[in-house]
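1. for reference, the sequence and a predicted model appear below.
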Amino acid sequence: IITLTLLVGPNPLIFLKRGIMFKELELKIEELLKEMSLELYSFRIKSDYGISKIIEVLVDGENLNSDNLELIHNQIRERFDELVPDDYYLEVSTAGAERPIRNEEELKKQIGKHIYLVSPQFKGTGDLVSFDGEEIVLEIREKNIKKQIKIKYKVASQMRTAVRMWRKWVKNRQWAKILI
């Protein structure tokens, strides 16, 4: 998608050409990740720390680590180097442990996992039991008792993946937070 803001500057054709080139790069990266059984979570051009030309690629999938990300980065550079301008940096990262759930498809992928949800009737974390396209069933804990609540998808104003934290009594009689 090319917006009018891309067509501002001394030579609008350069901006238009780059926009088309970035869209082509995004589609090719998406294909590459599918070959690797991964998904493209996000692709954008951003500025960070004073560097105004960064191509950010956020990857989603199981068992991602720094070795996988390095392999993906190298594959992009080897296969599509002609689509990455010399004055741009390429940044490949995971989408993160706690990231927004942007649509119904992403919510369905979270069934059986821990999420954070905000709605008029509930704000907090729980395990997503089911989602039928209209209603979310969330298992929550109230005073250490598990219960299921139903929330209409349309009224959920904010959702994201969540990391579960447990407290465990340790030998020196203190609580420790443990990530699971």
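-> Received the coordinates, thanks.

2. any low-confidence regions in this structure?
-> Along the chain, the parts satisfying pLDDT under 70 run over 1-18, 51-52, 166-180.

3. max-length helix in it?
-> Counting by DSSP state H, the longest helix found in the chain is helix 12-35.

4. list the buried ones in that helix?
-> Across helix 12-35, burial judged by 16 or more other C-beta atoms under 10 Å covers Phe15, Gly19, Phe22, Leu25, Glu26, Ile29, Leu32, Leu33. Where you see a C-beta, it was placed from the backbone N, CA and C, and this is true even at glycine.

5. check which helices and strands it is in contact with.
-> Counting contacts by 3 or more C-beta pairs under 8 Å, 6 or more residues apart in numbering; DSSP states H and E, helix 12-35 packs against strand 39-48, strand 51-60, helix 66-80.

6. strand 51-60 and the first one, what's the angle between them?
-> With axes from the mean of the first three to the mean of the last three C-alpha atoms, to 10 degrees as the criterion, the two stretches strand 39-48 and strand 51-60 enclose an angle of 160 degrees.

7. so what touches strand 39-48?
-> Residues outside strand 39-48 that contact it (C-beta atoms under 8 Å, 6 or more residues apart in numbering) are 22, 25-26, 29-30, 33, 53-61, 88, 95, 99.

8. so in that sheet, which strands flank that strand, and in what orientation?
-> Applying DSSP bridges, strand 39-48 is found paired with strand 51-60 (antiparallel).

9. okay, the partner strand in CSV with CA atoms only?
-> Extracted as CSV, the C-alpha positions of strand 51-60 are listed here (Å, rounded to 0.1, in the frame of the first residue of the first chain):
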residue,chain,number,x,y,z
ILE,A,51,18.8,5.8,12.4
SER,A,52,15.9,6.5,10.1
LYS,A,53,16.2,3.7,7.6
ILE,A,54,15.5,0.3,9.3
ILE,A,55,13.6,-2.6,7.7
GLU,A,56,12.0,-4.4,10.6
VAL,A,57,10.9,-8.0,10.1
LEU,A,58,9.1,-9.6,13.0
VAL,A,59,8.8,-13.4,12.8
ASP,A,60,6.4,-15.7,14.6
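
10. would you mark the buried spots in that strand?
-> Ile55, Val57, Leu58, Val59, Asp60.

11. ditto for stretch 129-138
-> Buried positions in stretch 129-138, judged by neighbour count with 16+ other C-beta under 10 Å: Phe131, Ile136, Val137, Leu138.
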